[in-house]
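Asker: This is the structure alone, sequence omitted:
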């Protein structure tokens, strides 16, 4: 499983991409594992406006994860 | 004095530009002279939305005219 | 600020490139290009009449008003007259401002003005003959949006 | 309909020319170019991060929604990512429709969306360091205009 961090989340964590194998079974378990390793990141991931995409589709709330999937944490977006 | 007609006014009159020398002293006198010569044009000139410019400035209501001036009758405008 | 009348074709892309060049404080350039429509064959050519010496001055006044009203950094109006074939550009407006809202609104405002108040007279030629085109009810409603106290 | 992400500079004028070419039924092409601002020296570069494979797809969905909502004939979005110098184009949106109102509104709508909902993350570098830029209160107000039932 690949975990991707974007924007300020990558700055906070000090990494942009990490592979977890075997993967956590759920998004909640992934969040808990990341927060255990880095409390500041854990807090930032549950901050206001942070969305999650699993395999490039936005998910809201809980999600099952599987080996080989890609989970991206997306802070508030701003293009243009 | 030059009289200019634009858009459908020129189509109605069958001319676009005419010199009057000596000129009528007022816009009202010019309108009367044009209407005497061509009743359909006279009616069109006083139609809804027709504006008048004297020496390339819009005038509203009556205006004095002088030798050498340019009077333009402007039907409803549409650019773009 | 620039107002240009032309009887020949013009190239909106080339003008947009020049208009954007060297702007390091204008975050926003809005533009509009009006093209002659074929109306599925009902229109074979558009013929626009201007009043040279008057038309440019009147447009220039409106551009100055838009510049003040919306705080523009710059504005450009190019307008063709004479005979125009379907698919060819008739008009281009571009506006530059610090932020997008002002650039968009000023561009919209200038187009509404050009459509119903700029000194042009427009005749459409087609297989069924020629007809003068005057502002539509929608054009008049559009331009009236800016006359009240609402908006910027 | 076309959505393009690029890490190199692009030329909005050239794209506008291609976008306008051959349109005989679209009377209206509205466009917008967003440029990186120098902020009087406070910004030396902008750095935009995208999520390739996700960002284009999300923008494409929004363009499809705009096309349906405003009855567009065509739409184009070009968005840069990577490092961008002041004065360089960041984004271009162009919309083609039969009439100007729809073209303008769709272009405005797409820009509001891109500013506050498109998957990009934007960092401004300057003499005082770097900062992440998130949508402003005005950006959020702007995009909220389209969420209700009002408008077309």
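Answerer: Thanks, I have it. Everything numeric here is computed off the predicted structure, so don't read it as measured data.

Asker: ok, which stretches of chain A are strands?
Answerer: For chain A, strands defined by DSSP state E occupy the ranges A:2-5, A:17-19, A:51-54, A:57-59, A:70-74.

Asker: So which residues of chain A form helices?
Answerer: Residue ranges of the helices in chain A, as given by DSSP state H, are A:8-13, A:27-37, A:39-45.

Asker: ends of stretch C:37-55, how far apart?
Answerer: Counting by C-alpha to C-alpha, to the nearest Å, you get 23 Å between the two ends of stretch C:37-55.

Asker: before we move on, the earlier item: and chain B, which of the helices of chain A is closest to it?
Answerer: Nearest of those to chain B, taken as C-beta to the nearest C-beta: helix A:8-13 at 45.3 Å. For glycine as for every other residue, the C-beta is placed from the backbone atoms N, C-alpha and C.

Asker: Show me which positions of that closest one end up buried.
Answerer: The neighbour-count check on helix A:8-13 (16 or more other C-beta atoms under 10 Å in any protein chain shown) flags A:8, A:9, A:10, A:12, A:13 as buried.

Asker: returning to that earlier point: reformat the helices of chain A as a markdown table; add distance to chain B and mean pLDDT.
Answerer: Putting the helices of chain A into a markdown table (distance: least, C-beta to the nearest C-beta, whole Å; pLDDT from 0 to 100) gives the following:
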| stretch | distance to chain B | mean pLDDT |
| --- | --- | --- |
| helix A:8-13 | 45 | 97 |
| helix A:27-37 | 53 | 97 |
| helix A:39-45 | 51 | 97 |
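
Asker: Can you lay out those as a markdown table showing distance to residue D:108?
Answerer: Formatted as a markdown table, the helices of chain A follow (distance: least, C-beta to C-beta, whole Å):
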| stretch | distance to residue D:108 |
| --- | --- |
| helix A:8-13 | 28 |
| helix A:27-37 | 36 |
| helix A:39-45 | 33 |
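
Asker: I'd like those helices as TSV, with distance to chain C appended.
Answerer: Listed next are the helices of chain A as TSV, based on distance: least, C-beta to the nearest C-beta, whole Å:
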stretch	distance to chain C
helix A:8-13	22
helix A:27-37	36
helix A:39-45	29
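
Asker: Which residues of chain A lie near chain D?
Answerer: Contacts of chain A with chain D, taken as C-beta under 8 Å from any C-beta of the partner chain, map to A:4, A:6-8, A:11, A:49, A:53, A:56, A:72, A:74-80.

Asker: excluding its backbone neighbours, what's nearest residue C:110?
Answerer: Distances taken as C-beta to C-beta, 6 or more residues apart in numbering or on different chains put residue C:93 closest to residue C:110, at 4.8 Å, once the chain neighbours are dropped.

Asker: could you say what helices and strands whatever helix or strand that neighbour lives in packs with?
Answerer: Here residue C:93 sits within strand C:89-97, counting by DSSP states H and E. Applying 3 or more C-beta pairs under 8 Å, 6 or more residues apart in numbering or on different chains; DSSP states H and E, one finds that strand C:89-97 contacts helix C:12-20, strand C:28-35, helix C:55-70, strand C:74-80, helix C:100-117.

Asker: let's see it at 6 Å
Answerer: Judged by 3 or more C-beta pairs under 6 Å, 6 or more residues apart in numbering or on different chains; DSSP states H and E, the packing partners of strand C:89-97 are helix C:12-20, strand C:28-35, strand C:74-80, helix C:100-117.

Asker: buried ones in the following helix or strand past the third one?
Answerer: To tie it back to what came earlier, the one meant is strand C:74-80. Following strand C:74-80 in sequence order, the next helix or strand is strand C:82-84 (DSSP H and E). By neighbour count on 16+ other C-beta under 10 Å, the buried set for strand C:82-84 is residue C:84.

Asker: How far off centre is strand C:82-84?
Answerer: Here strand C:82-84 is found 16 Å from its chain centre; the criterion is C-alpha atoms, centre = their mean, to the nearest Å.

Asker: try stretch C:11-20
Answerer: Stretch C:11-20 has its C-alpha centroid displaced from the chain centroid by 15 Å (C-alpha atoms, centre = their mean).

Asker: With stretch A:23-36 instead?
Answerer: So, by C-alpha atoms, centre = their mean, the centroid of stretch A:23-36 is 9 Å from its chain's centroid.

Asker: Then stretch C:80-96?
Answerer: Mean C-alpha position of stretch C:80-96 versus that of the full chain (C-alpha atoms, centre = their mean) differs by 8 Å.

Asker: what about it, how long is it end to end?
Answerer: OK, stretch C:80-96 end separation, C-alpha to C-alpha: 22 Å.

Asker: contact partners of it?
Answerer: With contacts defined as C-beta atoms under 6 Å, 6 or more residues apart in numbering or on different chains, stretch C:80-96 is touched by B:80, C:6-7, C:9, C:12, C:19, C:26, C:29-36, C:38, C:45-48, C:50, C:72-79, C:103, C:106-107, C:110-111, D:23-24.

Asker: And the residues you listed, which of them are buried?
Answerer: With neighbours counted by 16+ other C-beta under 10 Å, the contacts of stretch C:80-96 contain buried members at B:80, C:12, C:19, C:26, C:29-36, C:38, C:45-46, C:48, C:50, C:72-79, C:103, C:106-107, C:110-111, D:23-24.
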